[in-house]
Structures are given as C-alpha cells and as structure tokens.
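> this one's sequence-less:
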C-alpha cells in the first residue's frame with residue numbers, strides 16, 4: 001500500500017510521539033525501595049559478682065583406725081565370743097585361748113616367790129648377828145661379807161620371782177583376746193579348736209573404725225601451683241574456716257548428707273603421677289561409707305570477688321579453637337572479643353580476661369549478624385536458675401558457715 005504525502009507525515013509524528021511517551025515514562029520516579037529492618041539480638045550485660053570456686057577431686061575411703069587381731073601366746077582356741085560383721089567395743093572379749101598351762105605357770109611363780117620371801121628373814125637375821133660378832137672379832141670379816149651377800153641374793157631372788165609372777169599373769173591375760181579399738185569386726189579366719197602361735201602372720205580377724213572415716217583424694221601439683229598463684233595475686237581470696245569443710249559426692253553422683261573436714265595435704269608429690277594426697281575426715285554415723293568406696297570431694301579453692309560469668313552458648317571458637325564472643329559496642333555495632341576461659345561453672349563459663357563490666361555479650365542471634373553491623377539490643381531471657389557456685393551447680397547446698 002502506498003501512502004500519500006499527508007499520510008506519511010501523520011505516521012512520522014505518531015512514531016515520534018510514541019517514542020517520547022516511552023522515554024518520559026522511563027525517566028519518571030520508580031517505586032520506592034523498602035528499607036532493610038535492623039537485626040535484633042539478645043544480649044547479657046557483664047556484671048562481676050562473687051563466686052566460690054571449687055574443684056571435684058576423685059578419691060577412695062579408708063578406715064579411720066584398723067586393728068589386726070593376732071594371738072600373743074601359743075595355745076588352742078576354746079571359744080569365739082563375737083558375731084562376724086558386728087560392732088564391737090574396746091576391751092570386748094573376742095577369743096578365749098586355753099588358760100590352763102598359763103594358770104599353772106603363774107601359780108608356780110607365786111609359790112617360788114613365797115619361798116624366796118620366807119627365806120629372807122632368817123638370812124637377814126644371820127647377817128645382823130655376824131655384824132655384831134664382827135665388832136668382838138668373834139667371826140671373820142669374810143664370814144660377815146658372805147652373810148651380807150646372801151641377803152642381797154635373797155632380795156634379788158624375790159624380785160626375780162615377782163617379775164616371773166607378773167610375766168605369768170600377763171601371759172594368762174593374753175589368753176583372753178580382746179578388742180583393742182571399737183569398730184566393726186570382719187570375718188574370723190580361725191575356728192574353735194585351732195592351734196595358735198604367738199605373733200603369727202595370719203590375723204584372727206580385723207576391726208575397722210568407720211565413724212568417722214577417711215576420704216583420701218588426689219590433686220595435681222599443677223593445680224596447687226595455680227591456686228597459690230591466684231591467692232598471691234589477689235584473684236582469689238581465702239575462704240576462712242569454710243575452706244576446710246568439704247562436701248562429698250557418692251559414686252552414683254548423689255550428695256552425701258554430711259560434710260567432711262580437710263585434715264591435711266600430703267607434703268610429698270608422687271613422681272609417677274605428679275599428684276599428692278589430701279585427707280578428709282568425714283562423719284559416718286550410719287556407716288553409709290565403707291572402706292574402699294569411690295567418691296568425689298568438692299574441695300573449696302577460694303572466693304573470686306570479681307568473677308565474670310557468661311552463658312556457654314555465647315562462646316564460639318575460631319579455626320584455631322580460641323574462644324571468642326560477639327559484643328555490641330557503644331555505637332550499637334557488632335564487635336568481636338577474644339577470651340581466656342578459666343573453667344565451666346554449671347552452664348556458664350568463668351572468664352579470666354577479654355571482657356569488662358558493662359559489656360553487652362550477644363547470646364542469641366549471632367548467626368544473623370556480622371562484624372560492624374548495626375543491631376538492636378534486647379535482653380536475654382534466661383528462665384534457668386543460675387548457680388552462684390560450683391557446689392550449687394553440682395547439686396550441693398551451699399556450705400553453712402560456723
């Protein structure tokens with residue numbers, strides 16, 4: 001189809017108007033971009049507080065006193081006068097050894113003593129008469145000296161037989177085997193009719209005093225050095241009298257109802273293990289603790305007056321394993337802090353360095369932020385009860401002060 005001149009002009013201006021309309025539409029104001037919302041994070045504010053530091057040390061129980069019963073004379077057992085596994089008192093008769101030969105020995109010694117004592121008066125009177133006759137030279141000096149020596153011999157003989165009577169009496173008493181201490185006696189290794197030998201290596205029975213009872217725990221020398229260093233630098237303060245009380249955990253993890261008393265620390269370090277022993281005296285009135293049981297003792301190290309605790313979930317690790325946290329600075333931006341951690345207390349970390357009072361540590365929302373990013377702070381809602389000491393974190397009641 002061919003266009004005339006007027007139609008061609010009309011088509012040209014139509015195209016121009018359409019292009020101008022499209023160009024003006026592209027230059028007009030577009031839709032406004034929606035602003036990105038500020039990310040919200042949950043934080044905790046650092047507030048130093050007083051925390052009692054403790055250490056759980058493994059150990060075993062041992063009897064407070066042990067007595068191994070052995071015979072002190074030879075003889076045949078006539079009676080066993082205790083029940084195995086029962087409690088016995090000091091001085092209680094345990095075994096009766098046949099006393100007949102020892103009774104005869106004592107009676108014989110008594111008779112010899114009486115004979116020596118009966119001879120002494122006549123010998124003494126003879127020596128006195130010789131002394132009077134010596135003045136008149138009616139007897140020789142030798143006769144008088146012999147008489148005086150006879151008197152001394154008679155007196156010595158009397159002392160000898162007195163000692164023999166006492167020895168016979170002691171041996172007779174040894175036929176009654178008694179308990180040297182109070183405690184719980186174990187099984188008997190002999191029966192009635194058994195032949196015993198004085199001071200034999202085999203024990204007749206063993207008595208153990210169980211109330212109180214010892215708890216021996218081990219601690220590394222490195223921990224002791226760290227504790228002393230912290231006390232010297234003032235990071236820890238001594239716990240006074242309460243530092244000697246020690247809560248006990250049974251082998252199933254339940255707390256023992258009574259606290260022990262730290263008696264002493266061993267003065268020698270075992271070179272094979274690098275550790276030393278702490279001895280704790282624990283009341284055991286119900287005999288719940290038996291010798292050889294495995295237990296854990298919560299030993300109190302001291303009090304940190306300015307302890308910084310943060311939730312464990314707030315701590316992350318870098319590629320080298322170093323602990324770090326994210327904080328919100330004064331400008332509301334995210335920053336990173338590298339930490340030095342001391343130990344875990346319950347579900348929290350005790351921080352040695354890296355944080356200060358007033359720092360806002362991010363606990364929730366860490367994965368949604370990056371360093372330098374502005375964030376909105378909200379308080380961390382922790383519904384759990386925070387323990388104030390390691391003993392409470394382990395389920396122990398705080399120690400009562402005297």
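Right, received. Where do you want to start? Everything quoted here is computed from the prediction, not taken from an experiment.
> quick one: low-confidence parts of the stretch 101-250 of the chain?
Applying pLDDT under 70 to the stretch 101-250 of the chain flags residues 230-231, 233-243.
> now with 90?
123, 126-148, 218-246 (pLDDT under 90).
> need the strands for it, in chain order.
All strands of the stretch 101-250 of the chain, identified by DSSP state E, counting those that start in this stretch, fall at 176-178, 183-185, 195-196, 205-220, 245-246, 248-249.
> in JSON lines: these, plus mean neighbour count and distance to residue 304.
For the C-beta atoms, the positions are set from N, CA and C on the backbone; glycine is no exception. Converted to JSON lines, these look like this (neighbours: other C-beta atoms under 10 Å; distance: least, C-beta to C-beta, whole Å):
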{"stretch": "strand 176-178", "mean neighbour count": "17", "distance to residue 304": "54"}
{"stretch": "strand 183-185", "mean neighbour count": "21", "distance to residue 304": "42"}
{"stretch": "strand 195-196", "mean neighbour count": "16", "distance to residue 304": "61"}
{"stretch": "strand 205-220", "mean neighbour count": "20", "distance to residue 304": "19"}
{"stretch": "strand 245-246", "mean neighbour count": "22", "distance to residue 304": "18"}
{"stretch": "strand 248-249", "mean neighbour count": "20", "distance to residue 304": "22"}
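> need the single longest strand in this protein, by residues.
Scanning the chain for the longest strand, with DSSP state E as the assignment, gives strand 49-69.
> turn the strands of the stretch 101-250 of the chain into JSON lines, including distance to residue 66.
JSON lines is the format used below for the strands of the stretch 101-250 of the chain (distance: least, C-beta to C-beta, whole Å):
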{"stretch": "strand 176-178", "distance to residue 66": "16"}
{"stretch": "strand 183-185", "distance to residue 66": "8"}
{"stretch": "strand 195-196", "distance to residue 66": "21"}
{"stretch": "strand 205-220", "distance to residue 66": "5"}
{"stretch": "strand 245-246", "distance to residue 66": "22"}
{"stretch": "strand 248-249", "distance to residue 66": "21"}
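> can you list the domains in the chain?
Domain ranges of the chain: 44-62+210-390, 71-97+175-202, 100-174, per automatic domain parsing.
> other residues contacting stretch 264-283?
Contacts to stretch 264-283, defined as C-beta atoms under 8 Å, 6 or more residues apart in numbering, come from residues 57, 59, 61, 64, 211-222, 224, 246, 248, 256, 258-263, 289, 297, 299.
> list the buried residues in it.
275-282 (16 or more other C-beta atoms under 10 Å).
> and for stretch 329-340?
334-335, 337, 339.
> with pLDDT, distance to residue 49 and secondary structure added, can I get the residues you listed in CSV?
Converted to CSV, the buried residues of stretch 329-340 look like this (pLDDT from 0 to 100; distance: C-beta to C-beta, whole Å; DSSP: H, G, I helix; E, B strand; the rest coil):
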residue, pLDDT, distance to residue 49, secondary structure
334, 91, 26, strand
335, 92, 24, strand
337, 91, 19, strand
339, 92, 18, coil
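> closest to residue 110 among those?
Distances from residue 110 to the buried residues of stretch 329-340, taken as C-beta to C-beta, are shortest for residue 339 (86.4 Å).
> need the contact list for that closest one.
Per C-beta under 8 Å, 6+ apart, neighbours of residue 339: 315, 323-325, 349, 351-355.
> any chance of those residues in CSV, plus pLDDT and neighbour count?
Formatted as CSV, those follow (pLDDT from 0 to 100; neighbours: other C-beta atoms under 10 Å):
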residue, pLDDT, neighbour count
315, 92, 18
323, 93, 17
324, 92, 14
325, 91, 23
349, 90, 22
351, 91, 23
352, 87, 15
353, 88, 12
354, 89, 17
355, 90, 19
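> let me know the closest of the residues you listed to residue 379.
Nearest to residue 379 out of the contacts of residue 339 is residue 325 (C-beta to C-beta; 16.5 Å).
> secondary structure element for that closest one?
strand 323-328 (DSSP states H and E).
> for that strand, name the packing helices and strands.
Judged by 3 or more C-beta pairs under 8 Å, 6 or more residues apart in numbering; DSSP states H and E, strand 323-328 is in contact with strand 39-45, strand 316-317, strand 334-338, strand 360-364.
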